[in-house]
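Using only what follows, build the 3D model:
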Amino acid sequence: MTSQQRLDSILGGARLRAFAPFGNERAAVCFSESPPDHMAHLIADLGFPPWGIVMTRSELVAGGGGAVAYLPDHVRDKFPSNLRHWVVPFGTNGRFEDWSHEREWRLPMPTKPGTNEYCSAITFKETTNLQAILVGDPVWRPTPVGSGVWIDASTGHPHPGPATAFCQEQTELPRLWREAREIWVWNPGTRKIDICLPSELS
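Numbering: from 1, shown residues only. Below you'll find the model as predicted:
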């Protein structure tokens, strides 16, 4: 999937899929703590695609997330395996690897009730409003989703559901897009983020 397609999937499905970071067993959703100047550096200088969602640190902490520690390999190896998802190592075996520019935060997945299996995704609650959505194209919009409102195509009147071939469900932009606090549009000309309201981009 392209970055746009991933963002479209997140917004349409109202969930974030989690994966185990390199060298770890516990799945997590990963973020970058990026002030505006640092975000511009990641996008313009290091080639990070300008597509994603923005959450606050307090929201991540409340959900069990936090900042990772950047440590040498031999220090990381002293951590118990069930805590190593909190560490990103500096590579020291033959070549130096430094990922600290990512300023990574992680939200580890809990286990499923009654099992040792980790959950594979975060599903956003109906009350969740994203701090912002970052896009790299000012005319891009997410794919519309079903609204739960059905119309009889032959009469144009509301219909209780898909009982006939003439009944059509009305669509709308995903809730996470409509109810986000802000939409951040990357402007490559100025190397800055233009901040808009969702209502301005409906």
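
Output the longest helix belonging to this structure.
Longest helix of the chain, by residue count under DSSP state H: helix 3-13.

any idea how far His101 is from Gly12?
Gly12 is 31 Å from His101, where distance means Cβ to Cβ, to the nearest Å. Backbone N, C-alpha and C define where each C-beta goes, glycine included.

higher neighbour count, those two?
Neighbours per residue (other Cβ atoms under 10 Å) separate Gly12 from His101, with Gly12 holding more: 18 against 15.

Who are the contact partners of the more buried one?
Residues near Gly12 by Cβ atoms under 8 Å, 6 or more residues apart in numbering: Pro142, Thr143, Val145, Pro174.

In the chain, which residue is most central in space?
Ile53 (4.5 Å; Cα atoms, centre = their mean).

Can you pull the poorly scored residue ranges out of the chain?
Along the chain, segments meeting pLDDT under 70 span 91-96, 161-165.

now what about the longest strand anywhere in it, what contacts it?
Longest strand in the chain by number of residues (criterion: DSSP state E): strand 145-152. Under the contact criterion Cβ under 8 Å, 6+ apart, strand 145-152 has outside partners 12, 157-162, 164, 166-174.

Mind checking which of these land in strands?
Counting by DSSP E, the contacts of strand 145-152 place Pro158, His159, Cys167, Gln168, Glu169, Gln170, Thr171, Glu172 in strands.

May I see those arranged in CSV, with distance to Pro80 and neighbour count as well?
Shown next, in CSV, are the ones in strands among the contacts of strand 145-152 (distance: Cβ to Cβ, whole Å; neighbours: other Cβ atoms under 10 Å):
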residue, distance to Pro80, neighbour count
Pro158, 58, 10
His159, 57, 19
Cys167, 56, 15
Gln168, 55, 14
Glu169, 50, 14
Gln170, 52, 12
Thr171, 48, 12
Glu172, 47, 14
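
ok, of these, which one's closest to Gly63?
Nearest to Gly63, judged by Cβ to Cβ, of the ones in strands among the contacts of strand 145-152 is Glu172 at 27.2 Å.

gap between that closest one and Ser202?
From Glu172 over to Ser202 the distance is 10 Å, taken as Cβ to Cβ.

Pro160 - how many residues pack around it?
So Pro160, with other Cβ under 10 Å, has 8 neighbours.

show me the contacts for the nearest residue to Trp150 once chain neighbours are set aside.
In this structure, Trp150 finds its nearest non-sequential neighbour in His159, 4.4 Å apart by Cβ to Cβ, 6 or more residues apart in numbering. His159 is in contact with Trp150, Ile151, Asp152, Cys167, counting by Cβ under 8 Å, 6+ apart.

In a markdown table, list those residues along with distance to Gly64.
Below are the contacts of His159 laid out as a markdown table (distance: Cβ to Cβ, whole Å):
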| residue | distance to Gly64 |
| --- | --- |
| Trp150 | 39 |
| Ile151 | 42 |
| Asp152 | 47 |
| Cys167 | 43 |
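
May I ask which of those has the most neighbours?
Neighbour-wise, the contacts of His159 (other Cβ under 10 Å) top out at Trp150, 18 neighbours.
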